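What follows is a predicted structure for the sequence shown.
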Amino acid sequence: MPEHIKMPAVTPIVRYAASGAQTAFAYPFPVFASEDLAVYLGGAKQIAGFDIDGAGETGGGTVTFDTAPAAGIIVTLAREIPIERMSDYLEGGEFSAASINNELDYMIAALQQVERANDAMLHYGDHETPAVTQLPDRAARANKALGFDGDGDPVAVSLEGSMAAPDFTPLGTGAATRTSHDKFSDLISVKDFGAVGDGLADDTVAIQNALAAADFVLIPNGTYLISNTINLASGKTLSGLGQGSVIAAQDDSFNAVEITANNALLSDLRITGGDAGVKLYGSAAECTQNSLRGLQIVGARTGILLDGHNDGSKPCYWNNFSDILIEGPLENGVHLTLTGAGDTPNANRFHRVRVYSKGAATAGQGFYVEHGSFNNAFVDCESNVNGTTAQACFRLGEGSNKTLIANLLCESWNTVPNVRIDSGALETSIINLSAESDGAAIYDFSGGNYDAYNAGYPEKNRLRKSVVTDLRATLMRYDTEFIDTPGTTSIDLSHSIHIVNATGGAITIELPAAADAVGALITVKKADDTGNIITISEDSGPGPDGKPFPLGGPNDYATMISNGAEWFVIASNRMAGNTRFIDGSGSVDIDMAVDTYLLSSFGGAMTARLPPADAAEAVGRTVTLKKTDVSGNAVTVTEQGGSGPDGSSQSLAGQHDAITVVSNGANWFVTGKYT
């Protein structure tokens, strides 16, 4: 069996001075998993750009960097595990030696971690309430004295005493005098940590160190070249002085800025390059309540990327974006997606975000909600994309749900759609769309699963299920559906008018169950002149007016409404020419599909059989039968399974003889006869 990990008495931290060429650095202590090893360059924790080997080995392992750290920088490798216990032993359960060994190993590792931290600490007295316990950085305290500010916290003080005097007093009533150190500590700049800002020197570590040391970090005017991702942790603020403060990624092999936790602020900067200008996803914690504002993101593959990632307990929710220009994105301007097993990015707010290709070959979309739910809102946004390469100005993917778009301006050419809605996208709402691209205003593959107000072309409004208490319309238009497939077609509520051609054979139109169509008005019209019957039935119900309703003559129609319990016929017709001509002999069944049957018995005697008086298609119906030929062959009118009209068979012997009969549901009665 494999040897169980041991916990030697080794301090779980090691430091190296980088040579500029070395890429592999050993750590001589065990870690349970690679996530337990923290990697620092010059005091800034790294989240990418290296691989860790040896997790689970007693003797430790190796960290290998993709690029050798710069000469002179301090590489720190430390075991950092959460001090917690998430397991428990069951009462009466098995007592596993491996389990208890794991628990004890974890406990020893935690104690070593605490001991290591304590060894480097100055201590407050037992009877004093501790405040700040961290010394100033080594470079800041070199050749300085350890002093204390007005709060009694440790500071590095010049031996010449220049920092000790209280020498700053602002103008104004109530102004208080403060030490210069207190005043200077109000604002930390990346230049305080060695950043150059000339676009040539690599300022990555300086920015990382500044963010590790302070919650609010200023980027002064200048171009700050970075070779790795800047991670903005929980509660951190990274702010510039406007578009003169530039963070420049040296290439697009990494994301320029990542926000992996909550309550961070990124503002008033210009960010150039990178795979993503800014990527947000939950990793260190849930990615929520972060704010991005006043940014200009130029030349990134994707300007802003929100990823639900791989942990549903660390979602990407409730983030805010405002007053942002994304210029020249190579793939997408704004992209909401899900690359792992986490939750979709939900309820994020975008206000006055503009995507502008500016000649760049944008291959995707200005905005792409590939995955995202529950009111991701885009208000007063603009998408201007390259018509030669782009797929859409704004796209709703199959994983989008309840996206809100208001006051969107789209511009492009080459028939690029203004808004594209993919199959699977649910309940999109679009208000006030200015569709300036020459493509479709709304290019819909969702089956109409969206609402639009003052949006779209040529129809400016499209509303799904709605209640209107008072409506005045000068012109009503209806969507129609054409049906010509023999057999049964079940219709839904996507259309009001159904034009049916039964040339190829009889057709049954099955209405939805009345309970599923409350208030719906449906019209079915026969559009052919064949004798093939169109029968209107109901899914799991008796049909309109309680029975199947046949349409047999050219242009026959029926309009029906559901009250939630039944379908009722509220309009139908007996059009001119609503007759059927039958030329034959022997028995002919009268199907009640038309009002008048013209019968020719020239080829031999004919028996015209009415349906039973109590048949659903007969009750209450009136029908006329007329002999049209000059022969002496009689037409005899009978009843299937019954005695016939007025209780007996009726003969039509001469040309033009006719009879009109009606059923009361029990018997057929003659109401008119011509001989």
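Arrived safely. Please read these numbers as outputs of a predicted model, since none were measured by experiment.

contacts, neighbours, all on C-alpha from now
Fine.

who touches stretch 195-209?
41-45, 190-191, 193-194, 221-231, 248 (Cα atoms under 8 Å, 6 or more residues apart in numbering).

So which of the residues you listed belong to strands?
Those of the contacts of stretch 195-209 mapping onto strands are 41, 44-45, 222-226, 230-231, 248, per DSSP state E.

Generate TSV for the residues you listed, with pLDDT as supplementary columns.
Below are the ones in strands among the contacts of stretch 195-209 laid out as TSV (pLDDT from 0 to 100):
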residue	pLDDT
Leu41	92
Ala44	87
Lys45	89
Gly222	96
Thr223	96
Tyr224	97
Leu225	97
Ile226	97
Ile230	97
Asn231	96
Ala248	97
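
lowest confidence element among the helices and strands of this structure?
strand 166-168 (a mean of 65; mean pLDDT, DSSP states H and E).

any chance you could map the strands in the stretch 501-650 of the chain?
Here the stretch 501-650 of the chain has its strands, by DSSP state E, counting those that start in this stretch, at 507-511, 521-526, 534-538, 549-551, 557-562, 567-572, 579-583, 586-589, 596-600, 606-610, 622-627, 635-639, 650-652.

wait, I meant the stretch 301-450 of the chain
302-307, 316-317, 320-327, 332-337, 349-356, 365-373, 377-379, 382-384, 392-401, 404-411, 419-421, 428-435, 442-444, 450-453.

Scan this protein for its longest helix.
Longest helix in the chain by number of residues (criterion: DSSP state H): helix 97-119.

For Phe216, name its beta-bridge partners.
Assessed by DSSP bridges, Phe216 has beta-bridge partners Thr237.

show me what contacts the residue of the chain most remote from its centre?
Distance to the chain centre peaks in the chain at Gly632, reaching 77.1 Å (criterion: Cα atoms, centre = their mean). Taking Cα under 8 Å, 6+ apart, we find Gly632 in contact with 602, 653-654.

Quick check: it vs Thr675, distance?
14 Å (Cα to Cα, to the nearest Å).

Among the ones in strands among the contacts of stretch 195-209, which one has the most neighbours?
Neighbour tally across the ones in strands among the contacts of stretch 195-209 (other Cα atoms under 10 Å): the maximum, 27 neighbours, falls on Tyr224.

Verify the stated contact: it with Gly240.
No. Look at Tyr224 against Gly240 with Cα atoms under 8 Å: they stay out of range, at 11.3 Å.

Enumerate every residue touching Val10.
Val10 touches 28-29, counting by Cα under 8 Å, 6+ apart.

For it, which three-state class applies?
coil (DSSP: H, G, I helix; E, B strand; the rest coil).

and it, how far is that from Ile74?
20 Å.

can you check Ser34 too?
Look at Ser34 and Ile74: by Cα to Cα, they are 20 Å apart.

do Ala145 as well
To Ile74, Ala145 is 24 Å away according to Cα to Cα.

More neighbours: which of these two?
Neighbours were counted for Ala145 and for Ile74 using other Cα under 10 Å; Ile74 has more, 18 against 14.

who are the neighbours in contact with that one?
15-18, 40-43.

Make TSV out of the ones in strands among the contacts of stretch 195-209 and add distance to Thr508.
Converted to TSV, those look like this (distance: Cα to Cα, whole Å):
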residue	distance to Thr508
Leu41	75
Ala44	73
Lys45	71
Gly222	75
Thr223	73
Tyr224	72
Leu225	72
Ile226	70
Ile230	66
Asn231	64
Ala248	67
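
What is the most widely separated pair among those?
Largest separation among the ones in strands among the contacts of stretch 195-209 by Cα to Cα: Lys45 and Gly222, giving 24.1 Å.

which intervals of the stretch 151-300 of the chain have sub-threshold pLDDT?
Applying pLDDT under 70 to the stretch 151-300 of the chain flags the ranges 159-167.

now the helices: where do they sit in it?
Shown for the stretch 151-300 of the chain, the helices assigned by DSSP state H, counting those that start in this stretch span residues 180-184, 204-213.

Dump the shortest one to CSV, keeping only the CA atoms.
Coordinates of the C-alpha atoms in helix 180-184 are reproduced here as CSV (Å, rounded to 0.1, in the frame of the first residue of the first chain):
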residue,chain,number,x,y,z
SER,A,180,3.4,64.2,7.2
HIS,A,181,3.4,60.4,7.4
ASP,A,182,-0.2,60.3,8.4
LYS,A,183,-1.1,62.6,5.5
PHE,A,184,1.0,60.7,2.9
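
in that helix, what counts as buried?
180-182 (16 or more other Cα atoms under 10 Å).

buried stuff in stretch 657-674?
So for stretch 657-674, counting by 16+ other Cα under 10 Å, buried means 657-663, 665, 667-670.

Take those residues and write them to CSV, including distance to Asn290 and pLDDT.
Putting the buried residues of stretch 657-674 into CSV (distance: Cα to Cα, whole Å; pLDDT from 0 to 100) gives the following:
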residue, distance to Asn290, pLDDT
Asp657, 89, 95
Ala658, 86, 95
Ile659, 85, 96
Thr660, 82, 96
Val661, 80, 96
Val662, 78, 96
Ser663, 76, 95
Gly665, 74, 94
Asn667, 80, 96
Trp668, 80, 96
Phe669, 82, 97
Val670, 84, 96
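
The residues you listed: which two are farthest apart?
Asp657 and Gly665 (25.7 Å).

what helix or strand does Pro82 sit in?
Assessed by DSSP states H and E, Pro82 sits outside every helix and strand.

Run a quick neighbour tally on it.
Neighbour tally, Pro82, other Cα under 10 Å: 9.

Can you name the residues that contact it?
Contacts of Pro82 (Cα under 8 Å, 6+ apart): Ala110.

got it, and Asn375?
Residues counted as contacts of Asn375 (Cα under 8 Å, 6+ apart) are 346-348, 401-404.

Neighbour count for those residues - can I get that in TSV?
Below are the contacts of Asn375 laid out as TSV (neighbours: other Cα atoms under 10 Å):
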residue	neighbour count
Asn346	26
Ala347	21
Asn348	24
Asn401	24
Lys402	19
Thr403	24
Leu404	20
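
now, which of these lie within helices?
Using DSSP H, no member of the contacts of Asn375 falls in helices.

Format those residues as a markdown table; extra columns: pLDDT.
Below are the contacts of Asn375 laid out as a markdown table (pLDDT from 0 to 100):
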| residue | pLDDT |
| --- | --- |
| Asn346 | 98 |
| Ala347 | 97 |
| Asn348 | 98 |
| Asn401 | 97 |
| Lys402 | 97 |
| Thr403 | 98 |
| Leu404 | 98 |
